[in-house]
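>>> fold the following.
(3 chains)
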Amino acid sequence: MRVFSLIDGNNFYVSCERAFNPKLERRPVVVLSNNDGCVVSRSNEAKALGIKMGVPLFQIQALVEHHAIAVLSSNYSLYGDMSQRVMTTLAQFSPDQEVYSIDECFLSIDQASPTALLEYGTVIRQTVKRCTGIPVSLGFAATKTLAKLANRQAKQGDSGVYYLSAEQVDSVLAATELRDLWGIGRKLSKALALKGIHNGLDLKQANPVVIRQQFSVLVERLVRELNGDSCLPLETIATGRQSLIVSRSFGQPVFTQAHLHEAIASYLSKAAEKLRAQSLTSGMLNIFAASSRYQEEPYSESVSFNLPVATNSTVELLPYAATAAKALFQDGQRFKKAGVVLLDLGPETEQQTSLFDSLSSEKRETLQRLMQTMDQINRKHGTGTLTFAATGLERPWLIKAEHRSSRHTTCWDELVIVKSI
DNA sequence: TCTGGGGTCCTAGGACCC
DNA sequence: TCTGGGGTCCTAGGACCC
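Below is the predicted model of the structure:
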């Protein structure tokens, strides 16, 4: 018998910041989303002040000043690198690991006595803390869904480790709101309440067949998982991704087609770079532009392109930025956001050529070498060393990141200085 | 004035085929 | 006015997650 463990970083982004800046300990800290828009990570002290997840910064400005809350822009190169360190450390404890998100993973572990599991969990916690500086919590249980729940329990206790046994499930579920179950969101919790299901225990005791008819196979699976019947296997092999998105809100609204074009060209160029870094190509492209969601009559449109030959070359992709900007631009519209979605992804090595390819294979190889060279230069001398003119020079639409910490672990110029001479 | 970004999966409905 | 049944594939949109 095996049990699942869900391990996640406590207040992950805040913990990454604290790992390199001890001054952030024992005080309220928040990390903001891109463009310094919303709160996406909070220290316990910040949570205690009543700051909610996802709240816009401007709405808590007074609180920030009153309590001297440390406010940080997000620093994804740091978090991504710290995540890798945590995951690598955790992989020592079981050969069966599923990395589920930037800050959490499942491990499958041999069933043992509750005491032994709790001890093992404590060792895992201490090791991760020592090797990376990140505090984590662990929940053990019979299914992934229950392990998520156990992890929630772990966060409420002092030890940071919790084993949810079959005997305890009912009492814990009775005290759990539907919204707090993995897979139940706003809509589903409302819909379930209409059927007389109000908490986790109600859902556990519901008839899975009826639930499937009334809702979906997802909720049916959830009911089974709550009953200890494991329906969600550990996905240890990273499956090939199906899509890749680069989108940003603008630092300032965009009013001209030229600037919209620049932004789209930049995102497209970034997306192509990501494709190449993962040795993938894309066969389909979706480009969108939108006004603020909060304005009177929000605008949001998109255009799609089927590529004649799957590619990851910026040179081949860039012309679509101009076409898209022309199609999406509207005079007088106040653009706040744009993005690029690459779909129909496949491995570079299995490229399907087209009879009607406008480029010769020699030309394709030349282009490929050009891209490789460009990537090498940008890796060595820093992102943005070489760019395409279409991505713009002034770029007034660039995002704001006014409180970003240093990229301590991924950038030579930004290493931690222990002592200045 | 200011309100994130990047994913996955499921379902319904339409197009198309025999 | 009458005008089948069954299947697959694709896409858009919704819901959810972190």
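>>> what about the spatially closest residue to A:Thr349 that is not a sequence neighbour, distance to DNA strand B?
With sequence-adjacent residues excluded and distances taken as Cβ to Cβ, 6 or more residues apart in numbering, A:Thr349 is closest to A:Ser279, at 7.3 Å. C-beta here means a position set from N, CA and C on the backbone, and glycine is covered the same way. As judged by Cβ to the nearest atom of the strand, to the nearest Å, A:Ser279 and DNA strand B stand 14 Å apart.
>>> tally up the residues packed near A:Ser279, please.
Using other Cβ atoms under 10 Å, A:Ser279 has 10 other residues around it.
>>> now do the contacts for it.
A:Ser279 sits next to A:347-349 when contact means Cβ atoms under 8 Å, 6 or more residues apart in numbering.
>>> show the pLDDT at it.
A:Ser279 carries a pLDDT value of 95.
>>> state the phi and psi torsions of it.
Note on A:Ser279: backbone dihedrals following degrees, to the nearest 10 are phi 50, psi 40.
>>> same check on the one 10 residues further on?
The phi/psi pair for A:Ala289 (degrees, to the nearest 10) reads phi -140, psi 150.
>>> confidence score at A:Ile102?
pLDDT at A:Ile102 comes out at 97.
>>> just checking, it touches A:Met82?
No - taking contacts as Cβ atoms under 8 Å, A:Ile102 lies outside contact range of A:Met82: 9.0 Å.
>>> more neighbours: which of these two?
A:Met82 (27 against 18).
>>> mind showing which ranges of the stretch 251-400 of chain A have poor pLDDT?
A:351-356 (pLDDT under 70).
>>> closest point of it to DNA strand B, which residue?
Proximity of the stretch 251-400 of chain A to DNA strand B (Cβ to the nearest atom of the strand) peaks at A:Tyr294, 4.3 Å away.
>>> any idea how far A:Leu226 is from A:Glu104?
20 Å (Cβ to Cβ, to the nearest Å).
>>> more neighbours: these two, which one.
A:Leu226 (24 against 21).
>>> list the residues that contact that one.
A:143, A:145-146, A:169, A:173, A:181, A:200, A:203-204.
>>> out of these, who has the most neighbours?
Within those, most neighbours by other Cβ under 10 Å means A:Leu146, with 29 neighbours.
>>> now do the SS call for that one.
helix (DSSP: H, G, I helix; E, B strand; the rest coil).
>>> and it, how close does it get to A:Cys105?
According to Cβ to Cβ, A:Leu146 and A:Cys105 sit 16 Å apart.
>>> what helix or strand is the nearest residue to A:Cys16 once chain neighbours are set aside located in?
The shortest distance from A:Cys16 to any non-neighbouring residue, by Cβ to Cβ, 6+ apart, is to A:Met82 (4.6 Å). Using DSSP states H and E, the element containing A:Met82 is helix A:76-91.
>>> just give me the neighbour total for whichever residue of the stretch 101-250 of chain A sits closest to DNA strand C.
Nearest to DNA strand C in the stretch 101-250 of chain A, going by Cβ to the nearest atom of the strand, is A:Gly185, at a distance of 2.2 Å. Applying other Cβ under 10 Å, we find 10 residues neighbouring A:Gly185.
>>> can you count the residues close to the residue nearest to it when sequence neighbours are not counted?
Excluding its sequence neighbours, the residue lying closest to A:Gly185 (Cβ to Cβ, 6+ apart) is A:Arg179, at 7.4 Å. Residues within reach of A:Arg179, counting by other Cβ under 10 Å, total 11.
>>> was I right about A:Arg179 contacting A:Ser189?
Yes - using Cβ under 8 Å, A:Arg179 is in contact with A:Ser189, at 4.8 Å.
>>> ok, and what's touching stretch A:92-106?
A:4-9, A:12, A:79-80, A:83, A:86-87, A:90-91, A:107-109, A:120, A:124, A:127, A:144, A:147, A:234-236, A:238.
>>> now do 7 Å
For stretch A:92-106, contacts defined as Cβ atoms under 7 Å, 6 or more residues apart in numbering pick out A:4-9, A:12, A:79-80, A:83, A:87, A:90-91, A:107-109, A:124, A:144, A:147, A:234-236.
>>> how long is it from one end to the other?
For stretch A:92-106, the separation between the terminal residues is 13 Å (Cα to Cα, to the nearest Å).
>>> which positions in it come out as buried?
A:93-94, A:97-100, A:102-106 (16 or more other Cβ atoms under 10 Å).
>>> for A:Leu244, phi and psi?
Torsion angles at A:Leu244 (phi, psi; degrees, to the nearest 10) stand at phi -140, psi 130.
>>> list the contacts of it.
A:271, A:274-275, A:342, A:345.
>>> cool, A:Ala174 as well?
Contact analysis of A:Ala174 by Cβ under 7 Å, 6+ apart lists A:199-201.
>>> separation between it and A:Lys204?
In terms of Cβ to Cβ, A:Ala174 sits 9 Å off from A:Lys204.
>>> tell me where the stretch 1-150 of chain A has helices.
Taking DSSP state H, counting those that start in this stretch, the helices of the stretch 1-150 of chain A run over residues A:12-20, A:44-48, A:61-66, A:76-91, A:114-132, A:144-156.
>>> can you check the stretch 201-350 of chain A too?
Using DSSP H, counting those that start in this stretch, helices in the stretch 201-350 of chain A cover A:208-214, A:217-226, A:257-277, A:314-328.
>>> dump the ones you listed into CSV; add distance to DNA strand B as well.
Output for the helices of the stretch 201-350 of chain A, formatted as CSV (distance: least, Cβ to the nearest atom of the strand, whole Å):
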stretch, distance to DNA strand B
helix A:208-214, 7
helix A:217-226, 4
helix A:257-277, 7
helix A:314-328, 16
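>>> so which of those gets nearest A:Ala68?
Comparison of those against A:Ala68 by Cβ to Cβ identifies helix A:257-277 as nearest, at 35.7 Å.
>>> what's the angle from the closest one to helix A:314-328?
140 degrees (axes from the mean of the first three to the mean of the last three Cα atoms, to 10 degrees).
>>> and helix A:257-277, what's buried?
A:257, A:259-273, A:275-276.
>>> ok, now stretch A:15-22?
A:15-21.
>>> check stretch A:234-249 too.
By 16+ other Cβ under 10 Å, the buried positions in stretch A:234-249 come out as A:234, A:244, A:246-249.
>>> ok now it, how far from the chain's centre?
9 Å (Cα atoms, centre = their mean, to the nearest Å).
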